[in-house]
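Participant: Requesting a structural model of the entry that follows:
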Amino acid sequence: MTPSQSDKLLKSAVAFHQAGKLGEAMALYDRVRGALPRNFDAVHLGGVAALQQGQTEAAAQLLAQARKLNPKSALASFRHGIALTQLRRLGEGEAALQKALGLDPQLPEAWFYLAANLRQQGRFDAAVAAYGRALALKPNYAEAHERLGALLIVIRGHAAAEPHLRRGAELQPKAAVPWCNLGICLCFLGRLGEALGAFARALEIDPRLDQAHAGKGLTLERCYRLAASVESYDQALAVNPCNFEAHSARLYALQYLADRPREYLFEQHRRFGAAVALAARPVFPNSREAGRRLRLGFLSPDLHRHSVAYFLEPLLAHLDRAEFEIFLYHDQPVVDSMSERLRGLATQWQVVAGFSADLLEEKLRADRLDVLFDLAGHTGMNRLPLFARRLAPVQATYLGYPDTTGLPAMDYRFVDAISDPPGTADALCTERLVRFAPTAWTYAPPAEAPAPAAPPSAAGTGIAFGCFNNFAKVTDAALLAWSRILQAVPGSRLVLKGAGLTVPALRAELNRRLESNRIPLERVELLERTKTIAEHLAAYSRIDLSLDTYPYHGTTTTCEALWMGVPVITRVGDRHASRVGASLLQAVGHPEWVASDWDEYVAHAVALAGDERRRTELRQQLRRDLQASALLDHCGQAERFGRAVRGLWSDFCRDVLETAEGQAA
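Facilitator: Sure, this is the predicted structure:
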């Protein structure tokens, strides 16, 4: 092939390449390289075309060759770095990208891809800096704004991310995904109306964007529109049945609805487990010695001021360190004083917010855990699809979610015999139930809790009934029962406390529901969430009696009410979520406040409202009742928990031994 012929072929290849005809271009690049193997353009551009075609291995080889032919080509190094990063040869990819930037530091795309590489390595601060360099060179780099916003969410929170996500959407007004991402951010910032507007825009552009349907569902849930929320999750799953975040969010939302039989809920959870791809059970190198010191891992996005942490801390504080090493993995950027206390209880503490599934799996396997606990279930930011890969010989779920995970790879679920009675509860759970204690919870009252105050009715203002549970748990059936209670107790009122209850848009919907369920608005007082735990607990001084929700009970709120001397009336049901109150009240010695139906629920509330002497006594007595109960028996609960974990490990060792003996026979 003469030089003029090769030059003509190369020009044709470039023309095809520029026209997007990558197959034709690659064929011509191949012909030129066959005649002139050291032709830099044919090698380099052939590598670029291969990269664009998804032929990453071939691209990496060609681009490595191009770098040797022209070591001073920043573009060849940059593109080689992209290929190596896509192959997850992250160290080599970083080196190639750094080399490109050494040759030409003004390449915004090289900074962008370096940031992506650093994020995959878990070097988040360095990734943020690299995105910043890309945007300094190219302020309207829409994709860099998007990716930086997504990273900031998981390491610094939604407020830090919002300006970048908004700018990314503004720069791409006809792209659905950026508007969806902005909507999710606004939802978590509590700007619910704006969030719904962003999702509406995303879905107008692309009605089949499953993430936008799911984000809309989450926002509707936070607007306390549960049925509409489930419909949005259904739309997301109709588009993409493998959107596991939407699937989990839907399962969580179903817990709030009173009209779904528990058999239906079980089937929906089982379907989730069947949909998640299951990895083959790996062979773990862990010693099978049953009595040795065990490495316990706890993975949760809630190792901060959150209900999960409140119940976990007293257990960890009293677990026998001669028996157990504690590994805590906090999957959330928020680190507060509770996080620091938990860190002090851990053998190893790691913030894993932002870790990809592969990076987190690598970390957990490297720690050689014996038992790994999921503390999220199907609540937000869970890692259940990762548990399907089986990250430890024994896996269990506890605390964070009131139902089965549905995962075949989740071996156990920690409960008690009241929350999950033997028999039907076992049949409607994919895990084996571990009833390790009289009650499954261990409560540590906040040190800043004020002393119980006198009942507000003592001042002659009438009985104040209250509910401080998440208002998403308040069904119309509960509102009707509360209406009956208010009617039966003249001069009484209802105090509700929760996120967004005083926001005008939500207030209008709330007022509509109250009025439709015959609750006079003038007898209702709405309280917004308070900033501190001390302020929140002090608010219990404003109510005489606490009314639990149904079918999804309160847990932390029930413990808090009791600690502040406020009796709690609950209605027991047929599933874990509607039996938590019964477990807690049985534990503190007050099963008489557990009703079997709404008539009994109303009767209990009205009777206690009419017994001023008893309510006054309880204001001081209830704190003593908790102190004498299993809920505050921290040492005993930790011992029972540890004994149960040790039993699971012994069972695993025995099963492995029996399997090995069976194979040998």
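Participant: Provide the secondary structure category for residue 466.
Facilitator: Secondary structure, DSSP: H, G, I helix; E, B strand; the rest coil: residue 466 is strand.
Participant: Surely it touches residue 496?
Facilitator: Yes - contact criterion C-beta atoms under 8 Å: residue 466 and residue 496 qualify, at 7.1 Å. C-beta here means a position set from N, CA and C on the backbone, and glycine is covered the same way.
Participant: who's more crowded, the two?
Facilitator: Comparing residue 466 with residue 496 by other C-beta atoms under 10 Å, the one with more neighbours is residue 466, at 24 against 21.
Participant: Now the more buried one: closest residue in space, sequence neighbours ignored.
Facilitator: Closest residue to residue 466 apart from its sequence neighbours, by C-beta to C-beta, 6 or more residues apart in numbering: residue 543 at 3.2 Å.
Participant: got it, and residue 498?
Facilitator: residue 471 (4.5 Å).
Participant: Could you do residue 499 as well?
Facilitator: Closest residue to residue 499 apart from its sequence neighbours, by C-beta to C-beta, 6+ apart: residue 529 at 5.0 Å.
Participant: And for residue 208?
Facilitator: Closest to residue 208 by C-beta to C-beta, 6+ apart is residue 239, at 5.0 Å.
Participant: Could you check how many residues crowd around the one you found?
Facilitator: For residue 239, the count of nearby residues is 17 (other C-beta under 10 Å).
Participant: quick revisit: I'd assumed residue 509 was in contact with the residue nearest to residue 498.
Facilitator: No - Residue 471 lies out of contact with residue 509 (C-beta under 8 Å); the separation is 10.3 Å.
Participant: the more surrounded of the two?
Facilitator: residue 471 (20 against 13).
Participant: The residue nearest to residue 466: what's it in contact with?
Facilitator: If you count contacts by C-beta atoms under 8 Å, 6 or more residues apart in numbering, residue 543 has them with 456, 464, 465, 466, 495, 566.
Participant: Kindly report the same for residue 311.
Facilitator: Per C-beta under 8 Å, 6+ apart, neighbours of residue 311: 399, 441, 442, 443, 444, 555, 556.
Participant: Pull up the gap between it and residue 374, please.
Facilitator: Distance, residue 311 to residue 374, using C-beta to C-beta, to the nearest Å: 14 Å.
Participant: How confident was the prediction at residue 282?
Facilitator: Model confidence at residue 282, given as pLDDT, is 80.
Participant: Please apply the same query to residue 499.
Facilitator: 88.
Participant: For it, give its distance to residue 586.
Facilitator: With C-beta to C-beta as the criterion, residue 499 and residue 586 are 30 Å apart.
Participant: neighbour count winner among those two?
Facilitator: residue 586 (19 against 15).
Participant: Pretty sure residue 94 sits in a helix.
Facilitator: Yes - with three-state DSSP as the criterion, residue 94 is located in a helix.
Participant: Would you check that it makes contact with residue 114?
Facilitator: Yes - using C-beta under 8 Å, residue 94 is in contact with residue 114, at 6.8 Å.
Participant: How is this structure divided into domains?
Facilitator: Listed by automatic domain parsing, the domain ranges of the chain are 140-254, 294-435, 456-632.
Participant: could I get those as TSV with distance to residue 13?
Facilitator: Below are the domains of the chain laid out as TSV (distance: least, C-beta to C-beta, whole Å):
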stretch	distance to residue 13
domain 140-254	28
domain 294-435	36
domain 456-632	59
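Participant: Nearest spatial neighbour of residue 555, chain-adjacent residues omitted?
Facilitator: Nearest non-adjacent residue to residue 555 (C-beta to C-beta, 6+ apart): residue 580, at 5.3 Å.
Participant: residues contacting that neighbour?
Facilitator: 402, 419, 553, 554, 555, 558.
Participant: at 6 Å instead, please
Facilitator: 419, 553, 555 (C-beta atoms under 6 Å, 6 or more residues apart in numbering).
Participant: Inside strands: which ones of the residues you listed?
Facilitator: Of the contacts of residue 580, none are assigned to strands by DSSP state E.
Participant: which of those are buried?
Facilitator: 419, 553, 555 (16 or more other C-beta atoms under 10 Å).
Participant: how far away is residue 371 from residue 322?
Facilitator: 16 Å.
Participant: again, but for residue 525
Facilitator: From residue 525 to residue 322 the distance is 52 Å (C-beta to C-beta).
Participant: Residue 371 and residue 322 - which one has more neighbours?
Facilitator: It is residue 371, of residue 371 and residue 322, that has more neighbours when counted by other C-beta under 10 Å, with 23 against 6.
Participant: list the contacts for the residue nearest to that one when sequence neighbours are not counted?
Facilitator: In space, and not counting its chain neighbours, residue 371 is closest to residue 394: 4.4 Å by C-beta to C-beta, 6+ apart. By C-beta under 6 Å, 6+ apart, the contact set of residue 394 is 371, 411, 648, 652.
Participant: Let's see that with 7 Å instead.
Facilitator: Residue 394 is in contact with 370, 371, 411, 648, 649, 652, counting by C-beta atoms under 7 Å, 6 or more residues apart in numbering.
Participant: what are the phi and psi angles of it?
Facilitator: As for residue 394, its main-chain torsions (degrees, to the nearest 10) stand at phi -120, psi 130.
Participant: And for residue 297?
Facilitator: Main-chain dihedrals, residue 297, degrees, to the nearest 10: phi -110, psi 140.
Participant: What is the neighbour count of it?
Facilitator: 23.
Participant: could you pull out the strands for this protein?
Facilitator: Using DSSP E, the strands of the chain run over 294-300, 324-330, 348-351, 371-374, 394-397, 412-415, 432-435, 464-467, 493-497, 524-527, 545-547, 568-571, 594-595.
Participant: Give the partner strands of the second one in its sheet and their orientations.
Facilitator: Using DSSP bridges, the neighbouring strands of strand 324-330 in the sheet come out as strand 294-300 (parallel), strand 348-351 (parallel).
Participant: Mean confidence (pLDDT) on the shortest one, please.
Facilitator: To tie it back to what came earlier, the one meant is strand 348-351. For strand 348-351, the mean pLDDT works out to 96.
Participant: Repeat that for stretch 603-620.
Facilitator: Taken as a whole, stretch 603-620 has an average pLDDT of 96.
Participant: who touches it?
Facilitator: Contacts for stretch 603-620 (C-beta under 7 Å, 6+ apart): 452, 454-455, 458, 463, 465, 485, 488-489, 492, 544-545, 547, 565, 567, 569, 593, 595.
Participant: Now that we have the residues you listed, which of them are buried?
Facilitator: 452, 455, 463, 465, 485, 489, 492, 544-545, 547, 565, 567, 569, 593, 595.
Participant: surely residue 211 meets residue 180?
Facilitator: Yes - between residue 211 and residue 180 a contact is recorded at 5.1 Å, counting by C-beta atoms under 7 Å.
Participant: The two - which one has more neighbours?
Facilitator: Set residue 211 next to residue 180 and count neighbours by other C-beta under 10 Å: residue 180 wins out with 27 against 22.
Participant: what about the closest residue to residue 404 other than its chain neighbours, how many neighbours?
Facilitator: Computed as C-beta to C-beta, 6+ apart, the closest residue to residue 404 that is not its neighbour in sequence is residue 429, at 4.3 Å. Residue 429 is flanked by 22 other residues according to other C-beta under 10 Å.
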